[in-house]
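Novice: Take a look and give me a structure for this.
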Amino acid sequence: MTNIIERDRQTVWHPYTAMSHPLPCYPVARAEGVYLHLEDGRTLIDGMSSWWAAIHGYNVPELNLAAQTQLSQMSHVMFGGITHRPAVELCELLVQITPEGLDKVFLADSGSVAVEVALKMAMQYWQGQGQKRTKFATIGRGYHGDTFAAMSVTDPANSMHSMYQGFVPEQFFAKPPQCRFSEPWDAADLDSLKQILSQHGADIAAIILEPIVQGAGGMRIYHPNYLQGVRQLCDEYGILLIADEIATGFGRTGKLFACEHAQISPDILCVGKAMTGGYLTQSAVLTTTHVATMIDHSPAGVFMHGPTFMGNPLACSIALASIRKLLAMDWQTKLQSIEAQLKSELWPALELTAVADVRAIGAIGVIELHQPVDLATIQKQFVDLGVWIRPFGKLVYIMPPYIIEPEQLTQITTAMKTVIAHLN
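Specialist: Next up, the predicted model:
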C-alpha cells in the first residue's frame, strides 16, 4: 500500500490539492453497498456518495448488468448523424419525470459542461429573436462548476474561483436568499434581485440558480417562496430561468427534483451527478420546444455545441438502469426517513462550541462550524472512526447513498459529533 501512495504522490494531481504538498490519499481496493474497502483492510461507510452521485451505493447488480449488456453491443458511437436506443429511451424518460414543459433533451459530458450548454442555449435563444443578450443574473453563494462560463456565474467573492476575477465574464449577483426552508417567508428577500432586473433586465439572457439547496457554495437551504418569486420575476421581465439541479436532482432533497418544492418549472434544466448512479460521467440539459425553436431561428440555425462523447451508449444504458431503479423503489419514504434521522441525530451538535449551525433536507446533512477545518487532520480522524466524510471550509456535511441503513447513518452522524466535539 505504501508503494501505491508514493507512486500516487509522484505523478497524480488530485482535485483541489497542491502537487508539492498534497493532501493525504486513502487507496480504495473495492467498493460495495455503502462501504469503501481500503487496501490496508479497513472499511469505511461512505457519507459522500462519491461527490453526491452514487445514490444506490456501489457494485449495484442492476447497473452492472446494464453496463455488461451494453458493452457486448457497443460502448460508444458518435452522436452526429447517428442515434441509438439507449439515448432515445433515456431522453424520453427524462422528459417524463422532470418538471412540466421540458421536452427537448441535449446530452452532455458533465455537470459543468451542462451549465456551459445551458448558458449558450440562453444566448442563442435571444439571438433567435434578434437580440444580443450576453449577461446572466444569479444569486450569491452559488456554485455551478469549474469551467469558465460556469465560473462566471459562481459567486467570485465567496468561492474557490475568486482568483479568476477580472478574467472570467462579469455577471450580476443578487444577495443570497436569507429565509431558511422551514422558517417564515419575507418577500424582501427578493429585493436585491428585483433591483438588478429593474436596472439591467434588458441585458440579461437568463437567471441561473440552484433550486432550494446551494451546494458547494455553502450548502445553504433556502425558502421555496424565493424560487417561486424568481420564476415570477423571470415571467415578468421575459427572462429565461435556468435551474441547475446537477446536485439536487434525482431525489436528493426529498423531491425528485428540487424545483418541485416550489411547484415551478424552469425554461432550462441541468441534471447530472446521480443520473448514472455514479458509474460514468454524463449530464443532460432539458428545455422547452419554444426555447429550442428560437435557437433554430438564430443566425447559426443550429445549436452550436457538440461533445465528442455526447449520447455515449454505455452511459445512457447505465443512466436508464439507475433512474428506473430509483423510480421502482419507495424512495420518498426512504428519503423522509433519512431526513428525520439526520435532524434527530445532528441537531444536538448545536450545543458544541465549534458549531455555528446545523441543517438538513432529504439526504443532505450539514454542520457548519465557526472556523474552517484542517482537512488532512479531520479526514484522518473520520477514517479512524470508520467513515468517509470530506469536509470543505467550515462545512462538515454528508450526502449518503439512499440505501444506507439507520445504524450505518448513526455511525456517520456519531463520528461527525465526536470529531467536532474535540475541535478547539
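Novice: now the strands for the stretch 51-200 of the chain?
Specialist: Secondary structure of the stretch 51-200 of the chain, counting by DSSP state E, counting those that start in this stretch: strands at 104-108, 135-139, 172-174.
Novice: Tell me which residue of this protein is furthest from the middle?
Specialist: Asn3 (34.3 Å; Cα atoms, centre = their mean).
Novice: model confidence over the strand or helix carrying that residue, on average?
Specialist: Assessed by DSSP states H and E, Asn3 sits inside helix 2-11. Helix 2-11 shows a mean pLDDT of 89.
Novice: Determine the next helix or strand in the C-terminal direction from it.
Specialist: strand 28-32.
Novice: Which pLDDT value goes with the residue nearest to Val105 when sequence neighbours are not counted?
Specialist: Leaving aside its sequence neighbours, Val105 sits nearest to Cys91 (Cβ to Cβ, 6 or more residues apart in numbering; 4.0 Å). Just so you know, the C-beta spots here come from the backbone N, C-alpha and C atoms, and that holds for glycine as well. Per-residue confidence (pLDDT) for Cys91: 98.
Novice: ok, now how distant is Glu47 from Thr154?
Specialist: Actually, residue 47 is Gly. It isn't Glu. 24 Å (Cβ to Cβ, to the nearest Å).
Novice: same thing with Met294?
Specialist: Distance of Met294 to Thr154, given as Cβ to Cβ: 26 Å.
Novice: Looking at those two, which one has more neighbours?
Specialist: Set Met294 next to Thr154 and count neighbours by other Cβ atoms under 10 Å: Thr154 wins out with 27 against 19.
Novice: Which pLDDT value belongs to the closest residue to Ile364 other than its chain neighbours?
Specialist: Excluding the flanking residues, the one nearest Ile364 by Cβ to Cβ, 6+ apart is Met399, at 5.5 Å. At Met399, the model reports a pLDDT of 98.
Novice: Ala18 too?
Specialist: Per the predicted model, pLDDT is 89 at Ala18.
Novice: Gly166 too?
Specialist: Predicted confidence (pLDDT) for Gly166: 76.
Novice: and the residue nearest to Val105, how many residues sit next to it?
Specialist: Residues near Cys91, counting by other Cβ under 10 Å, number 20.
Novice: For the stretch 1-150 of the chain, which segments are assigned as helices?
Specialist: Under the criterion DSSP state H, counting those that start in this stretch, helices of the stretch 1-150 of the chain are mapped to 2-11, 49-52, 61-71, 85-97, 111-127, 148-152.
Novice: ugh, typo on my part, it should be the stretch 201-350 of the chain
Specialist: Under DSSP H, counting those that start in this stretch, the stretch 201-350 of the chain gives helices at 224-237, 289-296, 313-328, 331-346.
Novice: Quick one: neighbours of the closest residue to Gly365 other than its chain neighbours, just the number.
Specialist: Closest residue to Gly365 apart from its sequence neighbours, by Cβ to Cβ, 6+ apart: Leu342 at 4.0 Å. Using other Cβ under 10 Å, Leu342 is surrounded by 24 other residues.
Novice: Could you do Gln263 as well?
Specialist: 13.
Novice: Next: Asp191.
Specialist: 12.
Novice: Met163 too?
Specialist: Neighbours of Met163 (other Cβ under 10 Å): 9.
Novice: In space, what's closest to Pro211 - neighbours in sequence excluded?
Specialist: Ala258 (3.9 Å).
Novice: what does Arg359 give?
Specialist: Distances taken as Cβ to Cβ, 6+ apart put Val366 closest to Arg359, at 4.9 Å, once the chain neighbours are dropped.
Novice: Next secondary structure after the helix or strand harbouring that neighbour?
Specialist: Taking DSSP H and E as the definition, Val366 sits inside strand 364-369. Later in the chain than strand 364-369, the nearest helix or strand by DSSP H and E is helix 375-384.
Novice: Could you list the paired strands of the following helix or strand past that following helix along with their orientation?
Specialist: Using DSSP H and E, the helix or strand that follows helix 375-384 in sequence is strand 387-388. With DSSP bridges as the test, strand 387-388 is paired with strand 43-46 (parallel).
Novice: Can you name the residues in contact with the strand it pairs with?
Specialist: Taking contacts as Cβ atoms under 8 Å, 6 or more residues apart in numbering, the residues outside strand 43-46 that touch it are 26, 31, 34-38, 54, 57-58, 383, 386-388, 400-401, 404, 408, 411-412.
Novice: Double-check Val358 against Leu352; I have them as touching.
Specialist: No. With contact defined as Cβ atoms under 8 Å, Val358 does not count as touching Leu352 (9.5 Å).
Novice: thinking again about what came up before, mind listing what the residue nearest to Pro211 touches?
Specialist: 210-213, 243, 245, 248-249, 252 are the contacts of Ala258 under Cβ under 8 Å, 6+ apart.
Novice: same thing but 7 Å
Specialist: 211-213, 245, 248 (Cβ atoms under 7 Å, 6 or more residues apart in numbering).
Novice: likewise Gly145?
Specialist: 111-112, 115.
Novice: which residues does Ile208 contact?
Specialist: By Cβ under 7 Å, 6+ apart, the contact set of Ile208 is 136, 138, 144, 153, 242, 244.
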